[in-house]
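Trainee: Need a 3D model of the sequence below.
(one chain, ligands or ions: 1)
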Amino acid sequence: MTITTAPASAAVDAAALRPYEAHRDGESPNRNLTPLSTGLNAEGRLVVGGCVLSDLARRYGTPLYVLDEATLRGTAQAYRKALASHYPGSALALYASKANSSLAITAVVASEGLGLDAVSAGELLTAVQGGMPPERIVFHGNNKSLEELRLAVDLGVTVVADNWLDLEQLATLSLAQPVRLMLRFTPGIECHTHEYIRTGHLDSKFGFDPDQLEAVLQHLKGCAWAQVSGLHAHIGSQIFELQPHRDLAGVMADALKLARDLGHPVSDLNVGGGLGIRYVESDDPPSIDAWVRTVAEAVARACEERGLELPRLLCEPGRSLVATAGVTLYSVGSRKEIPGLRTYLSVDGGMSDNPRPITYQSLYTAVLADRPEADPTDTVTLAGKHCESGDVLLKDLQLPPASHGDVLAVFATGAYNASMASNYNRIPRPAAVLVGDGLVDLVQRREQPEELLRYDVLPERLRPVT
Ligand code: LLP
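Mentor: Okay, here's the model as predicted:
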C-alpha cells in the first residue's frame with residue numbers, strides 16, 4: 001500500500017486556534033472528550049491535528065474515521081512515563097490491538113516503545129508488518145487454531161496459554177526452541193461494567209480456572225518445549241473503579257509465588273487492560289497515571305509481602321490508548337419529524353461503523369463540525385442508515401438546526417469502532433486518516449461496494465442464462 005502524506009487543504013497553525021473543549025487532563029487523554037489537538041479556527045470550525053474536520057470530510061468522504069496522532073502518542077507516552085515513575089522494576093505497556101488494529105497505529109505505538117497484544121492471525125500479521133518487534137508481542141485467544149499457534153511460534157512471539165487445548169496443540173509442533181508461554185487464569189474478581197465486557201469473574205470463558213493453575217504448572221514442569229515466562233489475568237473493560245485492580249495484584253502475586261515455588265522462573269506479571277475513558281460529560285475515569293500508580297504500587301506491595309523478587313510488570317491497555325484519538329465524521333441526510341414524539345436525523349453510517357450503541361447501549365458525544373458552539377436548540381435522535389430500528393447512534397442529542405450535508409463529528413470513537421465494523425447491509429467500511437501538524441495520511445482506504453462481492457461465488461448452474 002502506498003501512503004501519501006498530504007497537507008490539509010487549509011492547514012491550521014496550532015497557535016491560531018481557540019480552545020474548544022476544556023481539557024481536564026492534558027497528560028491523560030482518556031479523561032477528555034475530544035482529541036488533545038482539538039481547537040476552533042477563526043470561523044469557529046472544529047480543527048483536529050491542524051486539519052479542519054469538514055475539509056477532511058469533503059476530501060475523503062464520509063463516514064470517515066479521523067485519528068489524531070498527538071493524542072495517540074500522548075497516551076502511549078503517559079503509560080510509559082507512569083510505569084517508569086511508579087513501578088520500581090522494569091515494565092512494559094502492550095497495546096491491546098483489538099481496540100483498533102492497523103499498520104499505521106501499530107507503527108506509531110511501536111515507535112513509542114510499547115509492545116502489543118494480538119488475538120488472531122490477522123492482528124499478528126498487522127503487528128509484525130506494522131513494525132512491532134516479535135519479542136514485544138503476546139498472542140492471546142480462548143480458541144486458537146493450530147495454524148494460528150504455528151504462526152505465533154514461527155514469528156517468535158510469546159503465546160498466552162488459555163486452556164489445555166493450547167498446551168496439547170503446542171506440544172505437537174516441532175519446535176526449534178522452547179516457546180515463551182504466559183498462563184492466563186481467571187482471577188475471580190468482579191467489577192462494574194457491562195456484562196459482555198467483564199472477564200475476571202469465575203464464570204468466564206477466558207483462561208484456566210484458578211483451581212487448575214497448580215495442575216497446569218505441574219504438568220508444564222515435564223514439558224521441555226515450554227518456558228513459562230509469565231502469568232496473565234484481565235478483569236474487564238471500561239472500568240472506572242481502582243479497587244478491583246488492587247485486588248488483582250494480590251491474586252496474581254499468590255499465583256506468582258505458586259509458580260516460582262513449583263520451580264518455574266516466572267519473570268512477567270501481566271495485569272491486562274481495562275481503564276475506562278470519558279464518552280460523555282458525566283463519565284469520570286481515573287487518569288492513566290492514577291491507574292498505573294494503583295496497579296504498580298499494589299503489585300510491588302503484594303510481592304514484597306510474599307517475599308517475591310519483583311516481576312516485570314506488563315499491562316494491556318486498549319481503549320484508553322486509542323479511543324480519545326478518534327473522531328468519526330458523518331454527513332447529515334434525511335430528517336423525520338414525528339410531532340410531539342421525536343425527530344430522527346439520519347447519517348450516512350451507523351451500526352456497521354460503530355456497533356457499540358446497539359451492542360452495549362454505549363453513549364457518545366457529538367457536535368456539528370462547523371458549528372460546535374452554536375445554540376443547541378433542537379433535540380434529535382441520531383439514526384444510522386441500516387435496516388434496523390435499533391440502529392441509533394445517539395438518543396436525545398442537543399444540536400443546532402442541522403440540515404442535509406452538514407458534517408457531524410462523534411467523539412471518542414478510536415477504540416472498538418473500526419475494529420468491530422461490519423458490512424451489514426453490504427455497506428462498505430469507512431476510510432481512516434491519521435492527522436497531525438496540519439498533515440493528513442490516508443491509513444485505511446474506503447471499501448468500494450464492488451469489493452464486497454470479492455468472496456462471493458456464483459455456482460455455474462445458478463448463473464443467469466443470457
Ligand atoms: N487484554 C485482554 C486480554 C483483553 O481481553 C482486553 C479487552 C484488553 C486487554 C484491553 O482492554 P481495554 O484496555 O480496551 O479495556 N468491544 C468492547 C470491549 C471488549 C474488550 C475485550 N478485551 C467494547 O466496545 O466496549
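Trainee: how about low-confidence regions in the chain?
Mentor: Scanning the chain for pLDDT under 70 picks out 1-4, 9-10, 192-201.
Trainee: Domain boundaries for this structure, per the record?
Mentor: Domain ranges of the chain: 6-68+325-452, 70-322, per automatic domain parsing.
Trainee: does the ligand sit close to the longest one?
Mentor: Yes. Part of domain 70-322 sits near the ligand under the criterion Cβ under 6 Å from any ligand atom, namely 96, 98-99, 117, 140, 197, 199, 234, 237-238, 272-275, 316-320. For the C-beta atoms, the positions are set from N, CA and C on the backbone; glycine is no exception.
Trainee: who touches residue 165 in this structure?
Mentor: Each residue near residue 165 by Cβ atoms under 8 Å, 6 or more residues apart in numbering is listed here: residue 143.
Trainee: how much space between it and residue 146?
Mentor: Distance, residue 165 to residue 146, by Cβ to Cβ, to the nearest Å: 10 Å.
Trainee: How about the contacts made by the closest residue in space to residue 178 that isn't next to it in sequence?
Mentor: The shortest distance from residue 178 to any non-neighbouring residue, by Cβ to Cβ, 6 or more residues apart in numbering, is to residue 227 (4.1 Å). By Cβ under 8 Å, 6+ apart, the residues touching residue 227 are 178-181.
Trainee: May I see those residues organised as JSON lines, with neighbour count added?
Mentor: Listed next are these as JSON lines, based on neighbours: other Cβ atoms under 10 Å:
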{"residue": "178", "neighbour count": "13"}
{"residue": "179", "neighbour count": "22"}
{"residue": "180", "neighbour count": "19"}
{"residue": "181", "neighbour count": "24"}
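Trainee: so which of these would you say is closest to residue 15?
Mentor: Among these, residue 180 lies closest to residue 15 (Cβ to Cβ), at 48.0 Å.
Trainee: Give me the buried stretch members for stretch 418-429, please.
Mentor: Neighbour-count burial for stretch 418-429, counted by 16 or more other Cβ atoms under 10 Å, picks out 418-421, 424, 427-429.
Trainee: Take those and write them to a markdown table, including secondary structure and distance to residue 262.
Mentor: What follows is the buried residues of stretch 418-429, written out as a markdown table (DSSP: H, G, I helix; E, B strand; the rest coil; distance: Cβ to Cβ, whole Å):
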| residue | secondary structure | distance to residue 262 |
| --- | --- | --- |
| 418 | helix | 42 |
| 419 | helix | 37 |
| 420 | helix | 39 |
| 421 | coil | 44 |
| 424 | helix | 49 |
| 427 | coil | 53 |
| 428 | coil | 52 |
| 429 | coil | 47 |
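Trainee: For the ligand, state which of these is nearest.
Mentor: Nearest to the ligand, judged by Cβ to the nearest ligand atom, of these is residue 420 at 6.0 Å.
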